[in-house]
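**Q** next one to model:
(chains A and B)
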Amino acid sequence: MVIPLSWYLILAAALFSIGFFGVLARRNAVAVLMGVELMLNAVNINLLAFWRAIHPAELTGQIFAIFVLTVAAAEAAVGLALIISIYRSRRTIQVDALDLMKG
Amino acid sequence: MSLPTLDFSLILPELVVLITALLVLIADLLWPRAASRGREQAPAVLALAGLILAGLLTLLAGEWSGATLQGMLVADALARYLNLVVLLAAALGLLLSWSYLPHFSTQRSEYYALYLLAVAGMLFLGKSIELITLFVSLEILSIALYVLTGFHRGQLAGGEAALKYFLLGAFSSGFLLYGAALFYAATGATRLADIAAQNAGGFYMLAGLALFLVGLGFKLAVAPFHMWAPDAYQGAPTPVTAFMSVGTKAAALVALFRVVQAAGSVPVGVWATALAFLSLLTMTLGNLAALRQSSLKRMLAYSSIAHAGYLLVGVVAGTAAGFDAVLFYLFAYAFMNIGAFAIASLLERPGFYAVQDAGIHAADGLFGRRPWLAVAMAMFMLSLAGIPPLAGFFGKLYLFAAAVESGWAWLAVAGVLNSVISAYYYLRVVVGMFMAEPSASAHLRLPLPASATLAVALTALGTLLFGLLATPWFQGISR
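**A** Modelled structure (predicted):
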């Protein structure tokens, strides 16, 4: 039995939405970052599903997903470094506590 | 199997910038230990030399034409102008960093290497005609800028700005990628030319374009996706703000232009109307928020959001004249905006610019303290407000004229009304400089480092010359 494309797309959309909600609702910077990662990986599922179901002749979808993974790793490295640097000086990583600048 | 075509001569300026970035990173190690004075300056000198070399290569390259690296990058007239704008902005920002950086950091190599990587990302973004390349270039420039924004580690606002910029930037990448995935689903291609050739319609293309616009809108600081920008611009070291406010906008606008051109099957009316409303919202919100700022830097940050709105007008127009106007305005904007930030950076107090950067009254009485600086700042402010005969006026004139020609008269009217609003807060600074007494906290002798003075002089000259010689320049761009 072949799983239809729509199932993958629904899974990806649901993951993307969960990540989106996480970014908006979470106050901890690390949890926000996890939300972002969920969104990026939802896109990866999409890319692979589209590749497999619609355009299996060329590898573009797979290659794209690998690039997304790599960039997401680089982003996570920089993001976590920033979070650590802020934690050292502020002793908190709650995003709503970071309110020095307003207006 | 055919071998890929790799014509490296078409990406020579980018390669020069990348190689310089690597050299700068190890400059500290290569430099003889005895020559301590030269050692401090080495990264900046190297970086500036690399930028100038890249600029010369762009200028001397003749007529660029054609795609390279298997149709992933294109070297065309558009990319050439973008190269010049970005390299100009980078060189001016680098001159500012020269005297600014030693105030808060000794990590010169790291700073300039990241700076050059951001430049390289922007240059590649301008040449990208393929979705994967476009995404990777965008991330190269963004990741380098996240770190640069938080480079002043002793300052709490810097880290906060960097984190906000990072979280929202990464968040927006998700949207951009979802859009790219939908383009891929609709057409099976990632090259923009192939996507255009497929002429696929339907839900995937429309939704893909919408998500792509959201993603690029974040990078461009277009309202309602602008909320990171004031904080990032205020918290970042001022030279970085000056550079990224111009460079990122320029590169992302070129990418936006290429993508909307490729999505030809989506009716023009649909995306143009969406962009027109975004543009209206952006300039109105930017200008209204700028009115009530108490920090000079934050005011300039909101002014830069408003300018993103003006620049979108040219993309909305959708014609060649419209985008020529955008290119002209980007040049003018590079001069006047970096000039304004340059003076804001000079007014900051070394050692004290934590959160209390230059307040809105920091420029008060500047004419009595540094007359030429005050005259230059007045020129930048008047040019940003769009008052003739300065560069900003002609930029807006071309933009709004292009909008009227292609039937967006209401948008042009909104733009003009917005310029009137913006004149209030720009002129308030000018009036303060010439009429008000210096605030008590202002020290009397304002230090003027040579490199920053050079940057101010160059930007002032550019603002004036681009205004006086606007017509020949614009014709040069249109050609």
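**Q** and the residue lying closest to B:Thr319 once chain neighbours are set aside, what does it touch?
**A** Spatial nearest neighbour of B:Thr319, chain neighbours left out: B:Ser406 (5.2 Å); criterion: C-beta to C-beta, 6 or more residues apart in numbering or on different chains. C-beta here means a position set from N, CA and C on the backbone, and glycine is covered the same way. By C-beta atoms under 8 Å, 6 or more residues apart in numbering or on different chains, B:Ser406 lies in contact with B:317-319, B:322.
**Q** separation between B:Ser406 and chain A?
**A** Between B:Ser406 and chain A the distance, using C-beta to the nearest C-beta, to the nearest Å, works out to 34 Å.
**Q** kindly report the same for B:Phe393.
**A** Here the distance between B:Phe393 and chain A works out to 29 Å (C-beta to the nearest C-beta).
**Q** the host helix or strand of that residue: what's the following helix or strand?
**A** Using DSSP states H and E, the secondary-structure element containing B:Phe393 is helix B:391-405. Downstream of helix B:391-405, the next assigned helix or strand under DSSP H and E is helix B:409-435.
**Q** pLDDT (mean, whole number) over that following helix?
**A** Throughout helix B:409-435, pLDDT has a mean value of 94.
**Q** quick one, the helix or strand following it and helix B:391-405 angle?
**A** Proceeding N to C from helix B:409-435, the next assigned helix or strand is helix B:450-468, under DSSP H and E. For helix B:450-468 and helix B:391-405, the angle between their directions (axes from the mean of the first three to the mean of the last three C-alpha atoms, to 10 degrees) works out to 40 degrees.
**Q** re the thing from before, chain center to the helix holding B:Phe393: distance?
**A** On the basis of C-alpha atoms, centre = their mean, to the nearest Å, helix B:391-405 sits 19 Å off its chain's mean C-alpha point.
**Q** which parts of that helix are buried?
**A** For helix B:391-405, the buried set under the neighbour-count rule, 16 or more other C-beta atoms under 10 Å in any protein chain shown, comprises B:391-400, B:402-403.
**Q** pull the CA atoms of that helix into PDB?
**A** Extracted C-alpha coordinates of helix B:391-405, given in PDB (Å, rounded to 0.1, in the frame of the first residue of the first chain):
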ATOM      1  CA  ALA B 391      19.600  62.800  -4.100                       C
ATOM      2  CA  GLY B 392      16.600  61.700  -2.100                       C
ATOM      3  CA  PHE B 393      14.300  64.000  -3.900                       C
ATOM      4  CA  PHE B 394      15.100  62.700  -7.300                       C
ATOM      5  CA  GLY B 395      15.000  59.100  -6.000                       C
ATOM      6  CA  LYS B 396      11.400  59.600  -4.800                       C
ATOM      7  CA  LEU B 397      10.500  61.600  -8.000                       C
ATOM      8  CA  TYR B 398      11.600  58.700 -10.200                       C
ATOM      9  CA  LEU B 399       9.900  56.100  -8.000                       C
ATOM     10  CA  PHE B 400       6.600  57.900  -7.800                       C
ATOM     11  CA  ALA B 401       6.600  58.900 -11.500                       C
ATOM     12  CA  ALA B 402       7.100  55.200 -12.400                       C
ATOM     13  CA  ALA B 403       4.100  54.300 -10.100                       C
ATOM     14  CA  VAL B 404       1.900  56.900 -11.700                       C
ATOM     15  CA  GLU B 405       2.800  55.700 -15.200                       C
END
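**Q** packing partners for that helix?
**A** Contacts of helix B:391-405 with other secondary structure elements, assessed using 3 or more C-beta pairs under 8 Å, 6 or more residues apart in numbering or on different chains; DSSP states H and E, are made with helix B:296-317, helix B:320-347, helix B:371-385, helix B:409-435, helix B:450-468, helix B:470-478.
**Q** reformat these as JSON lines; add mean neighbour count and distance to chain A.
**A** JSON lines is the format used below for those (neighbours: other C-beta atoms under 10 Å in any protein chain shown; distance: least, C-beta to the nearest C-beta, whole Å):
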{"stretch": "helix B:296-317", "mean neighbour count": "27", "distance to chain A": "6"}
{"stretch": "helix B:320-347", "mean neighbour count": "26", "distance to chain A": "15"}
{"stretch": "helix B:371-385", "mean neighbour count": "23", "distance to chain A": "19"}
{"stretch": "helix B:409-435", "mean neighbour count": "18", "distance to chain A": "13"}
{"stretch": "helix B:450-468", "mean neighbour count": "20", "distance to chain A": "24"}
{"stretch": "helix B:470-478", "mean neighbour count": "15", "distance to chain A": "33"}
